[in-house]
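Asks: Take this sequence and fold it.
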Amino acid sequence: MIYPDDLNFAIENFKKIPGVGEKSAERQVLSILKLSEEEVTDFANSLINAKKRLHPCEICGNLTSNDICDICANEKRDKNLICILEDFKSLVAFEKSGNFTGTYHVLNGLISPIDDRGPEDINLASLLKRIENVDDCEIIIALKSSVEGEATTMFINKIVKNKNVKISRLPYGIPMGADIDYLDPISLDKALKDRKIISEE
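Replies: Got it, this is the predicted structure:
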């Protein structure tokens, strides 16, 4: 079926979203067209506002509309316990489990030579600054078990080796290649409790 140009343009834009193919994009756009003009405007404005206002937290890299995210600003969180995550979605998964009382550090990517992404391309420099400002620090590496995840883990272990920091990681019981944000809260909570110290490896 040949759609009008405006509809085709909308479908092509929806296909830019990861995991959304031709058919799914068609369904989404056609569903939106059934909404009122006011609802469509609200929908579009919510995306525009999110894009304009949200940015990485100055401390941890979490998404926020302020300089510092709510988690870093929360005095009740343990600033000496830092969980290192690949992206914002993984952070949401941890927060849904409701049992982690430390803070986070969002890398916004993993080291991947194949994709020409090195240590300087992810949020590592601010991690070193954070470690220097706390005593008895433990970092929990919660990255997926992939080539990129392992490369990033080894690099982090290397750069903090002589900084008197305890390093632990979630156990290998997490399925190989699994994304943190797809794990259920119970599995994630158990993985946290079973984390392994890797500082002396």
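
Asks: which residues are contacting the longest helix along the chain?
Replies: The longest helix of the chain (DSSP state H) is helix 37-53. Residues from elsewhere that reach helix 37-53 (C-beta atoms under 8 Å, 6 or more residues apart in numbering): Ile32, Leu33, Leu35, Ser65. The C-beta positions use only the backbone N, C-alpha and C, and glycine is treated the same way.

Asks: go again using 6 Å as the cut-off
Replies: If you take C-beta atoms under 6 Å, 6 or more residues apart in numbering as the criterion, helix 37-53 is touched by Ser65.

Asks: likewise stretch 76-89?
Replies: 63, 91, 101-107, 110, 134, 136-143, 181.

Asks: circling back: and after the longest helix of the chain, which helix or strand comes next?
Replies: strand 55-56 (DSSP states H and E).

Asks: Packing partners of that following strand?
Replies: For strand 55-56, there is no helix or strand it packs on, judged by 3 or more C-beta pairs under 6 Å, 6 or more residues apart in numbering; DSSP states H and E.

Asks: I'd like the numbering to begin with 12 instead of 1 from here.
Replies: All right, first residue 12 from here; so that's strand 66-67.

Asks: could you pull out the helices for this protein?
Replies: 16-25, 33-44, 48-64, 81-84, 99-108, 136-143, 158-170, 196-204.
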